[in-house]
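*Asks:* just to be clear, the model below is a prediction. Sequence and coordinates:
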Amino acid sequence: MSQLVMNTLMEFFYESLQRALAEQKIKLGQATEYYLVDLLSRYSKAESLIQPSYEQEEKTYGELYLESYHLSPSERSKVLKYIGDTTLFLCGFFSESFKRKLVDIDYYATLGRASYSHLVEVSEYIKMRIGVPEVFAELVNKFLDLIDVIAEIGEKTHLSGSSDLLRIYERWLRTHSKRDRKLLKEKGIEPIRDITPRFTQ
């Protein structure tokens, strides 16, 4: 993902997050707001939903959570963060899909909150940078509220998944299609041409 696309996505999600928080009268610390903007931007690539490379085979989130107890604090923190981030994103953006599954959204929300909760303890143990444990603690306390916030972002921007937005923007960077520009503007993004000189014939 180019830096230009990433910066624009972060601006887009920051503005969307501010509107959703104001609409639902939810207050977050600045560091937590930044964390959520970064999360939404990262997960706008479908690859972020795939298990990290340190996992050798596909496992459920529950299995990953239980097996994390046998890992070093450093490795466990990566697994817990992956579970917390992924379940929060999925519960928010794709909550409707859980209605068609045997395991409902409550299961994933509980697992996500538990992962962030244990991450608070682990992050303090391995001495993550100052402020990080407080961010995870706020994510635990407001997890259910944040599911609603992320769901509203998805609804208001008409995105079933932000990967659609990324795909349109990357295509526009290559082609400068008028149609793609119109689609982006409808989703609240003003496309910015990159300033790299282009060769002319």
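*Replies:* Alright, I've got the coordinates.

*Asks:* and the next element down the chain from the helix or strand of the chain with the lowest mean pLDDT?
*Replies:* Counting by mean pLDDT, DSSP states H and E, the weakest-scoring helix or strand in the chain turns out to be helix 163-175, with a mean of 60. Per DSSP states H and E, the first helix or strand lying C-terminal to helix 163-175 is helix 178-186.

*Asks:* what's the closest non-adjacent residue to residue 27?
*Replies:* Once flanking residues are discounted, residue 27 sits nearest to residue 21: 7.2 Å by CB to CB, 6 or more residues apart in numbering. Every C-beta, even on glycine, is put in place using the N, C-alpha and C of the backbone.

*Asks:* so that neighbour versus residue 87, what's the distance?
*Replies:* When CB to CB, to the nearest Å is the yardstick, residue 21 and residue 87 sit 20 Å from each other.

*Asks:* cool, and residue 104?
*Replies:* Shown here: residue 104 relative to residue 87, a distance of 13 Å by CB to CB.

*Asks:* quick one, which of these two is more surrounded?
*Replies:* When residue 104 and residue 87 are compared for neighbours, residue 87 comes out ahead with 25 against 12, by other CB atoms under 10 Å.

*Asks:* show me the contacts for that one.
*Replies:* 61, 108-109, 111-112, 115 (CB atoms under 8 Å, 6 or more residues apart in numbering).

*Asks:* can you rerun that using 10 Å?
*Replies:* Contacts for residue 87 were tallied using CB atoms under 10 Å, 6 or more residues apart in numbering; they are 61, 65, 105, 107-116, 143, 147.

*Asks:* do residue 40 as well
*Replies:* When contacts are counted by CB under 10 Å, 6+ apart, residue 40 touches 9-10, 12-14, 16-17, 88-89, 92-93, 150, 153-154, 162.

*Asks:* out of those residues, which one sits closest to residue 43?
*Replies:* Here the nearest of these to residue 43, counting by CB to CB, is residue 89; it sits at 4.7 Å.

*Asks:* leaving out the residues flanking it, which one is nearest to that closest one?
*Replies:* Nearest residue to residue 89 in three dimensions, chain neighbours excluded: residue 43, at 4.7 Å (CB to CB, 6+ apart).

*Asks:* now do residue 145
*Replies:* residue 26 (5.3 Å).

*Asks:* show me where the chain has helices.
*Replies:* Counting by DSSP state H, residue ranges of the helices within the chain are 3-23, 30-42, 61-67, 73-93, 105-125, 132-141, 143-156, 163-175, 178-186.

*Asks:* surely residue 15 and residue 37 touch.
*Replies:* Yes: checked against CB atoms under 10 Å, the pair residue 15 and residue 37 is within contact range at 9.5 Å.
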